[in-house]
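Participant: Fold the stuff below for me.
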Amino acid sequence: METRKIQTVGGGTYTVSLPKEWAESEGCTAGTTVNLHTHIDGLLVIQTPESQTGARNRVALEAGTDDPAEIEQLLRAAYAAGVESVVLEVPDGYTDDQLRAIERVTRNLTGVTVAEETETAVTVQTLLDAGEVSVRQSVRQLQFVALSMHRDAMAALTAGTTSDRWGDRDEQADRLYAMIDRYFERGLARLDEIDALGLTRPELFSLWVTANELERVADHAERIGTVADQLDGQPAGPIATGLNDIADEVRAVVEDAVRVIIGDACVATARQTLAKRRAVRQRITDLDRQLFESGDADYRLTRALDSLSRTAEHGGNIAEFGLRMAVRDGALADSSTGTDDADTSGSAAETES
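Facilitator: The predicted structure is shown next:
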């Protein structure tokens, strides 16, 4: 880092000299036009027009005889990397399975469509505009989807209810997470993307990692639903009641933690949420011991209980990061007088699923 003094020229204009090494490396000389970007997080960035031309905006790839699963993986990777247009070339023509793989991607990723198709090439384009995307609202939606999956999975486990929209909501959760992941990646590479999203970089990071945790919550909801499908019947009354009570507390941990991250609750809520997690940990331990000591409890219920435990940890991770961000921003000192209208930003640490 270099330190330079701001000077004034005629008319009161402020000026600062550019580092010579940077100017030469970017091909800047007297008369070169550069772009100045001011950002909501207080940064002023200088870029040459050439540095902003997105080599990543459009890529051409030869799919050849690739397995359809590999083509799907390739397109998903390009979407996550922030690429706007992918041209897949197959000189000998596409197979039906390869085309179906491309169709699955366009159906399961937000804003993706086939823009052009010939016998030897398919152009897949993402039409999303960052100015029309709310990452914060997408995190809210992801939380709603993940927790609604969790409620239905527990109902299936303890009461034998079924839901014919289970698969749809799992795909919706994946779709929301993939979109948030895409914009986090684009925000790392393009400063104008941050401005279009209306977020500071710490805010975008906190929302992205929260989305990571919520995506895992959805995964564990699916796992609980799988256990429910495998059971021969529902657990006995006291066990079912214990599972449902724990599930309610676990969902409250996740919901309250996310409220802190998206700014709907103050840092005091994060501390209360961590206390809830400690309490629910003990309840899970007690019920796990009860299942172990019971002679007729289905051993598969311990898998569901493990998923409840991990879901609580994911919610706790979000709350922990909210607390950490509050310390960094100086909000912790005001938490004793804070209300749920306070604005706190943060993110969640990852936990292995």
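
Participant: Pretty sure A60 sits in a helix.
Facilitator: No - under DSSP: H, G, I helix; E, B strand; the rest coil, A60 falls outside any helix and is assigned strand.

Participant: what's the nearest residue to it if we skip its chain neighbours?
Facilitator: V87 (4.3 Å; C-beta to C-beta, 6 or more residues apart in numbering). Every residue, glycine included, has its C-beta placed from N, CA and C.

Participant: surely R100 meets A69?
Facilitator: No - counting by C-beta atoms under 8 Å, R100 does not reach A69; the two are 11.0 Å apart.

Participant: what about the two, which has more around it?
Facilitator: Neighbours per residue (other C-beta atoms under 10 Å) separate R100 from A69, with R100 holding more: 13 against 10.

Participant: Let me know the helix or strand that that one is in.
Facilitator: helix 96-108 (DSSP states H and E).

Participant: Report the distance from that helix to the chain centre.
Facilitator: The chain centroid and the centroid of helix 96-108 are separated by 24 Å under C-alpha atoms, centre = their mean, to the nearest Å.

Participant: cool, stretch 71-82 as well?
Facilitator: With C-alpha atoms, centre = their mean, you get 16 Å for stretch 71-82.

Participant: List the buried residues for that stretch?
Facilitator: Using 16 or more other C-beta atoms under 10 Å as the test for burial, stretch 71-82 gives 71-72, 74-76, 78-80, 82.

Participant: Only alpha carbons, please: show it as CSV.
Facilitator: C-alpha atoms of stretch 71-82 as CSV (Å, rounded to 0.1, in the frame of the first residue of the first chain):
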residue,chain,number,x,y,z
ILE,A,71,-22.3,-31.4,-19.2
GLU,A,72,-24.8,-30.6,-16.4
GLN,A,73,-22.0,-30.2,-13.9
LEU,A,74,-20.1,-27.9,-16.4
LEU,A,75,-23.1,-25.6,-16.9
ARG,A,76,-23.8,-25.4,-13.1
ALA,A,77,-20.1,-24.5,-12.5
ALA,A,78,-20.3,-21.8,-15.2
TYR,A,79,-23.5,-20.4,-13.5
ALA,A,80,-21.9,-20.4,-10.1
ALA,A,81,-18.8,-18.7,-11.6
GLY,A,82,-21.0,-15.8,-12.8
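
Participant: No more questions from me, cheers.
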